[in-house]
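1. A predicted structure for the sequence below; I have some questions about it.
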Amino acid sequence: MRSGAVRRLLTPPWIVLHCFAVVLTIGFGLLGWWQLTRAQGGNAISWGYALEWPLFAVFTVALWIRQMRLELRKDRPEGEAPRRGRPEPPPMTSPFEESILRARRSPSDSSQGSHA
C-alpha cells in the first residue's frame, strides 16, 4: 500500500468518518449489552434487541471497511488488475439486450400512428 493512499484516509473528512464509525460501533455494542442485561432480568422483548444491536455494529464496521477499500481503489491506475488476482465480473446485461438494440437500429414503421 502506498503512503499516499494511507494519507488519503487521514484527511479531515475521513477522520470524521473514522470517529463516527468508532462511536457508532461502540454505542451499538453498549446498547446490545444493556438489552442483554434487561433480557436476563425478565424482559422478553429485549432478547431480540440484544441480538439486533450487535448486528448493527457489524454492519457499521462492514460499511466502514468497504468505504475505505473503495477509496484506496481510486489510487489504482486505470486498467490495473486487483492484486488478489480475482477478475472483475463482466457488466450485467439483459438477456434481451441484443434484440432491444436491433429494434432501436431498425427504422420505425411509419404506417403505425403515433401513440401520443
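-> Here it is on my side, so go on. Residues are numbered from 1 along each chain as shown.
2. would you mind measuring from Arg8 to Ile15?
-> Plainly put, Arg8 is 11 Å away from Ile15 if you go by C-beta to C-beta, to the nearest Å. C-beta coordinates here come from the backbone N, C-alpha and C atoms, glycine included.
3. mind listing what's buried in the helix or strand Glu98 falls within?
-> For Glu98, the host element (DSSP states H and E) is helix 97-105. When neighbours are counted by 16 or more other C-beta atoms under 10 Å, no buried residue of helix 97-105 is found.
4. need the residues that contact it.
-> Ser94 (C-beta atoms under 8 Å, 6 or more residues apart in numbering).
5. name the residues that touch stretch 37-57?
-> 24-25, 28-29, 31-32, 35-36.
6. now do the end-to-end distance for stretch 86-93.
-> Chord length of stretch 86-93, first to last residue, is 20 Å (C-alpha to C-alpha, to the nearest Å).
7. ok, Ala50 to Ala103 distance?
-> 56 Å.
8. I meant Ala62, not that one.
-> Distance, Ala62 to Ala103, by C-beta to C-beta: 42 Å.
9. returning to that earlier point: when Arg8 and Ile15 are compared, which one has more neighbours?
-> The neighbour comparison of Arg8 against Ile15 (other C-beta atoms under 10 Å) goes to Arg8, with 15 against 11.
10. excluding chain neighbours, give the residue nearest to that one in space.
-> Closest residue in space to Arg8, ignoring its immediate chain neighbours: Glu71 at 6.1 Å, by C-beta to C-beta, 6 or more residues apart in numbering.
11. and the helix or strand hosting Cys19, how far from the chain's centre?
-> Element membership for Cys19 (DSSP H and E) is helix 12-40. Going by C-alpha atoms, centre = their mean, to the nearest Å, the spacing between the C-alpha centre of helix 12-40 and its chain's C-alpha centre is 19 Å.
12. and if you look at stretch 50-57?
-> With C-alpha atoms, centre = their mean, you get 18 Å for stretch 50-57.
13. dump that stretch to PDB, restricted to CA.
-> Only the C-alpha atoms of stretch 50-57 are listed here, as PDB (Å, rounded to 0.1, in the frame of the first residue of the first chain):
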ATOM      1  CA  ALA A  50     -29.900  -7.900  22.400                       C
ATOM      2  CA  LEU A  51     -29.200  -9.600  19.100                       C
ATOM      3  CA  GLU A  52     -30.100  -6.700  16.900                       C
ATOM      4  CA  TRP A  53     -27.700  -4.100  18.200                       C
ATOM      5  CA  PRO A  54     -24.600  -6.100  17.700                       C
ATOM      6  CA  LEU A  55     -25.700  -6.800  14.100                       C
ATOM      7  CA  PHE A  56     -25.900  -3.000  13.600                       C
ATOM      8  CA  ALA A  57     -22.300  -2.800  14.900                       C
END
